[in-house]
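> A predicted structure for the sequence below; I have some questions about it.
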Amino acid sequence: MSLFSTISASLDCPRCHLPVDAVVHVQLGYAAERVRLAVGDVYPGLAGAGGPLSGNLDADGWCVCPECDADFFCRVEIRRDRISGLEPDRTRFPLGPDATLHRRLFCPREGRFRDMEVRLFAGHASPVRQLQPGDTYLADEFPAVDTTLRALGVCGDERQLHMVELLVRLRSGRIADVEPAAAPETGRIFL
Ligand SMILES: [Zn+2]
Ligand SMILES: [Zn+2]
(Lines give C-alpha, C1' and ligand atoms only; values in the text may rest on other atoms or scores of the structure.)
(Ligands and ions follow the chains in the order given, each with its own letter.)
Protein backbone atom coordinates (compact mmCIF):
# COMPACT_ATOMS: atom_id res chain seq x y z
CA MET A 1 0.00 0.00 0.00
CA SER A 2 1.29 3.38 -0.94
CA LEU A 3 1.40 6.30 1.46
CA PHE A 4 0.54 8.56 -1.42
CA SER A 5 -2.81 9.57 -2.74
CA THR A 6 -3.05 10.33 -6.42
CA ILE A 7 -4.68 13.09 -8.43
CA SER A 8 -5.44 12.52 -12.10
CA ALA A 9 -4.99 15.59 -14.24
CA SER A 10 -4.47 16.59 -17.85
CA LEU A 11 -1.40 18.76 -18.16
CA ASP A 12 1.53 19.58 -20.41
CA CYS A 13 4.66 17.67 -19.39
CA PRO A 14 7.38 20.26 -18.65
CA ARG A 15 10.05 17.85 -19.89
CA CYS A 16 8.78 16.44 -23.21
CA HIS A 17 6.13 19.17 -23.67
CA LEU A 18 3.41 16.72 -24.70
CA PRO A 19 -0.11 16.94 -23.30
CA VAL A 20 -0.54 13.94 -20.99
CA ASP A 21 -3.03 12.38 -18.62
CA ALA A 22 -0.84 12.45 -15.55
CA VAL A 23 -1.14 10.71 -12.21
CA VAL A 24 0.26 13.04 -9.57
CA HIS A 25 1.31 11.63 -6.20
CA VAL A 26 0.63 13.71 -3.11
CA GLN A 27 1.37 13.01 0.53
CA LEU A 28 -1.03 15.12 2.50
CA GLY A 29 -3.66 14.68 5.15
CA TYR A 30 -4.45 11.73 7.34
CA ALA A 31 -6.23 9.43 4.92
CA ALA A 32 -5.59 5.89 6.17
CA GLU A 33 -5.47 4.51 2.65
CA ARG A 34 -4.47 6.05 -0.57
CA VAL A 35 -7.27 7.70 -2.46
CA ARG A 36 -7.65 8.47 -6.13
CA LEU A 37 -8.76 12.00 -6.81
CA ALA A 38 -9.25 14.42 -9.66
CA VAL A 39 -9.16 18.20 -9.92
CA GLY A 40 -12.42 19.51 -8.44
CA ASP A 41 -12.69 16.78 -5.76
CA VAL A 42 -12.75 17.49 -2.06
CA TYR A 43 -9.38 16.45 -0.61
CA PRO A 44 -10.18 14.07 2.27
CA GLY A 45 -8.57 13.98 5.68
CA LEU A 46 -7.26 17.53 5.76
CA ALA A 47 -8.66 18.45 9.18
CA GLY A 48 -5.78 18.46 11.62
CA ALA A 49 -3.16 18.00 8.91
CA GLY A 50 -1.52 21.23 9.95
CA GLY A 51 -3.09 23.23 7.16
CA PRO A 52 -5.05 26.38 7.77
CA LEU A 53 -8.55 25.72 9.07
CA SER A 54 -10.01 27.52 6.10
CA GLY A 55 -9.12 24.51 3.95
CA ASN A 56 -6.79 26.56 1.71
CA LEU A 57 -3.30 25.33 1.09
CA ASP A 58 -0.72 24.66 -1.58
CA ALA A 59 0.84 21.23 -1.59
CA ASP A 60 3.60 19.49 -3.51
CA GLY A 61 2.89 16.73 -5.94
CA TRP A 62 5.24 14.52 -7.91
CA CYS A 63 4.65 12.79 -11.21
CA VAL A 64 6.32 10.52 -13.76
CA CYS A 65 5.30 11.43 -17.29
CA PRO A 66 3.56 8.53 -19.07
CA GLU A 67 5.04 9.66 -22.40
CA CYS A 68 8.71 10.29 -21.64
CA ASP A 69 9.20 8.52 -18.27
CA ALA A 70 10.88 11.62 -16.81
CA ASP A 71 9.69 13.01 -13.49
CA PHE A 72 8.65 16.46 -12.33
CA PHE A 73 7.10 18.18 -9.33
CA CYS A 74 3.72 19.88 -9.35
CA ARG A 75 2.00 22.55 -7.31
CA VAL A 76 -1.38 21.41 -6.05
CA GLU A 77 -3.77 24.19 -5.06
CA ILE A 78 -6.47 23.36 -2.54
CA ARG A 79 -9.17 25.94 -1.88
CA ARG A 80 -12.01 25.37 0.58
CA ASP A 81 -10.91 21.72 0.86
CA ARG A 82 -11.22 21.18 -2.90
CA ILE A 83 -8.42 20.51 -5.39
CA SER A 84 -8.82 23.68 -7.43
CA GLY A 85 -5.69 23.60 -9.55
CA LEU A 86 -2.62 21.59 -10.43
CA GLU A 87 0.35 22.63 -12.54
CA PRO A 88 3.97 21.61 -13.09
CA ASP A 89 6.40 23.40 -10.77
CA ARG A 90 9.34 24.39 -12.94
CA THR A 91 11.07 26.13 -10.03
CA ARG A 92 11.80 22.75 -8.45
CA PHE A 93 14.39 20.35 -9.77
CA PRO A 94 13.04 16.94 -10.71
CA LEU A 95 14.52 13.84 -9.08
CA GLY A 96 15.89 12.57 -12.37
CA PRO A 97 18.54 14.64 -14.18
CA ASP A 98 18.04 15.92 -17.72
CA ALA A 99 21.75 15.85 -18.49
CA THR A 100 24.92 14.28 -17.12
CA LEU A 101 28.63 14.71 -17.60
CA HIS A 102 31.64 13.00 -16.11
CA ARG A 103 34.35 14.96 -14.32
CA ARG A 104 37.15 14.33 -11.88
CA LEU A 105 36.34 16.63 -8.95
CA PHE A 106 37.32 17.21 -5.36
CA CYS A 107 34.97 15.44 -2.97
CA PRO A 108 34.75 17.53 0.24
CA ARG A 109 33.38 14.56 2.13
CA GLU A 110 36.32 12.30 1.35
CA GLY A 111 38.94 15.02 1.02
CA ARG A 112 40.27 13.74 -2.30
CA PHE A 113 39.63 13.85 -6.02
CA ARG A 114 37.13 11.39 -7.44
CA ASP A 115 35.48 10.59 -10.75
CA MET A 116 31.91 11.76 -10.50
CA GLU A 117 28.80 11.67 -12.59
CA VAL A 118 27.57 15.27 -12.58
CA ARG A 119 23.79 15.46 -12.76
CA LEU A 120 22.08 18.57 -14.11
CA PHE A 121 18.42 19.27 -13.52
CA ALA A 122 17.70 22.81 -14.65
CA GLY A 123 16.69 22.08 -18.22
CA HIS A 124 13.63 19.97 -17.44
CA ALA A 125 14.36 18.21 -20.71
CA SER A 126 13.89 14.61 -21.74
CA PRO A 127 15.54 12.27 -22.67
CA VAL A 128 18.73 12.58 -20.60
CA ARG A 129 21.63 14.08 -22.57
CA GLN A 130 25.29 13.11 -22.13
CA LEU A 131 27.31 16.32 -22.14
CA GLN A 132 30.98 17.23 -22.44
CA PRO A 133 32.59 20.41 -21.11
CA GLY A 134 32.01 23.10 -23.74
CA ASP A 135 28.63 21.70 -24.80
CA THR A 136 25.61 23.98 -24.75
CA TYR A 137 23.03 23.53 -22.02
CA LEU A 138 19.68 25.30 -21.76
CA ALA A 139 20.37 26.65 -25.24
CA ASP A 140 16.75 26.31 -26.36
CA GLU A 141 15.49 28.54 -23.60
CA PHE A 142 18.46 30.85 -23.01
CA PRO A 143 20.81 30.87 -26.04
CA ALA A 144 23.78 32.71 -24.53
CA VAL A 145 23.23 32.66 -20.82
CA ASP A 146 26.00 33.25 -18.24
CA THR A 147 24.89 31.73 -14.99
CA THR A 148 25.72 29.29 -12.22
CA LEU A 149 23.51 26.27 -11.67
CA ARG A 150 23.20 23.89 -8.78
CA ALA A 151 23.98 20.28 -9.65
CA LEU A 152 24.69 17.00 -7.88
CA GLY A 153 27.72 14.78 -8.21
CA VAL A 154 27.35 11.05 -7.68
CA CYS A 155 30.54 9.99 -5.92
CA GLY A 156 32.01 6.84 -4.48
CA ASP A 157 31.53 3.19 -5.27
CA GLU A 158 28.55 0.92 -4.79
CA ARG A 159 29.25 0.42 -1.10
CA GLN A 160 29.48 4.09 -0.24
CA LEU A 161 27.58 6.05 -2.85
CA HIS A 162 26.95 9.64 -1.87
CA MET A 163 25.94 12.94 -3.40
CA VAL A 164 28.16 16.00 -3.56
CA GLU A 165 26.62 19.43 -4.06
CA LEU A 166 28.17 21.12 -7.07
CA LEU A 167 28.03 24.38 -8.96
CA VAL A 168 28.11 24.35 -12.74
CA ARG A 169 29.09 27.59 -14.45
CA LEU A 170 27.65 28.34 -17.88
CA ARG A 171 29.39 30.82 -20.13
CA SER A 172 27.47 31.86 -23.23
CA GLY A 173 25.22 28.90 -22.63
CA ARG A 174 28.11 26.40 -22.58
CA ILE A 175 29.36 24.25 -19.72
CA ALA A 176 32.48 26.09 -18.59
CA ASP A 177 33.33 24.88 -15.12
CA VAL A 178 32.22 22.48 -12.39
CA GLU A 179 33.23 22.76 -8.75
CA PRO A 180 32.02 21.64 -5.31
CA ALA A 181 29.44 24.02 -3.84
CA ALA A 182 31.46 24.25 -0.61
CA ALA A 183 35.13 25.14 -0.45
CA PRO A 184 37.22 22.05 0.40
CA GLU A 185 38.17 23.37 3.83
CA THR A 186 34.50 23.54 4.82
CA GLY A 187 33.91 19.93 3.77
CA ARG A 188 32.95 19.32 7.38
CA ILE A 189 29.35 20.33 6.62
CA PHE A 190 28.91 17.17 4.58
CA LEU A 191 29.76 14.85 7.46
ZN1 LIG B 1 6.97 13.95 -20.67
ZN1 LIG C 1 33.09 11.33 -2.42
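Yes, it's here. Ligands and ions are numbered 1, 2, ... in the order given.

> where's the closest residue to Ala139 other than its chain neighbours relative to ligand 1, distance?
Of all residues beyond its chain neighbours, the one nearest Ala139 is Gly173 (5.0 Å), with distances taken as Cβ to Cβ, 6 or more residues apart in numbering. Where you see a C-beta, it was placed from the backbone N, CA and C, and this is true even at glycine. Remark: distance between Gly173 and ligand 1 (Cβ to the ion, to the nearest Å) = 23 Å.

> Find me the pLDDT at Gly173, would you?
Listed pLDDT for Gly173 reads 87.

> same deal with the one 4 residues further on?
Asp177 is assigned a predicted lDDT (pLDDT) of 92.

> part of a helix, is it?
No - under DSSP: H, G, I helix; E, B strand; the rest coil, Asp177 falls outside any helix and is assigned strand.

> OK, contacts around it?
168-169, 171 (Cβ atoms under 8 Å, 6 or more residues apart in numbering).

> show me where pLDDT drops low in the chain?
1-3, 29-33, 47-54, 140-141, 143, 182-191 (pLDDT under 70).

> Just the strands from it, written as ranges.
Along the chain, counting by DSSP state E, strands occupy 5-12, 19-26, 36-38, 57-64, 71-79, 82-88, 99-107, 112-120, 129-130, 147-155, 162-171, 174-180.

> quick one: contacts of the third one?
Spelled out, that is strand 36-38. 5-9, 43, 83.

> Export the residues you listed as CSV, with columns for distance to ligand 1 and neighbour count.
Listed next are these as CSV, based on distance: Cβ to the ion, whole Å; neighbours: other Cβ atoms under 10 Å:
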residue, distance to ligand 1, neighbour count
Ser5, 22, 21
Thr6, 17, 18
Ile7, 17, 24
Ser8, 16, 14
Ala9, 14, 21
Tyr43, 25, 24
Ile83, 22, 22
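
> Those residues also near ligand 2: which ones?
The subset of those lying close to ligand 2, counting by Cβ under 5 Å from the ion, is empty.

> Let me know the closest of those residues to Thr136.
Nearest to Thr136 among the contacts of strand 36-38: Ala9, at 32.7 Å, using Cβ to Cβ.

> quick one: the closest one and Ser84 touch, right?
No - using Cβ atoms under 8 Å, Ala9 is not in contact with Ser84; the gap is 11.7 Å.

> Determine which residue lies closest to the centroid of this structure.
The chain has Pro94 as the residue nearest its centroid, 1.8 Å off, counting by Cα atoms, centre = their mean.

> Make TSV from the contacts of strand 36-38 and add distance to Gly153 to it.
Converted to TSV, these look like this (distance: Cβ to Cβ, whole Å):
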residue	distance to Gly153
Ser5	34
Thr6	33
Ile7	34
Ser8	36
Ala9	34
Tyr43	38
Ile83	37
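
> Can you say which of the strands of the chain is nearest to Ala139?
strand 174-180 (8.4 Å).

> Which residue, other than its chain neighbours, is closest to Ala181?
Nearest residue to Ala181, sequence neighbours excluded (Cβ to Cβ, 6+ apart): Glu165, at 3.9 Å.
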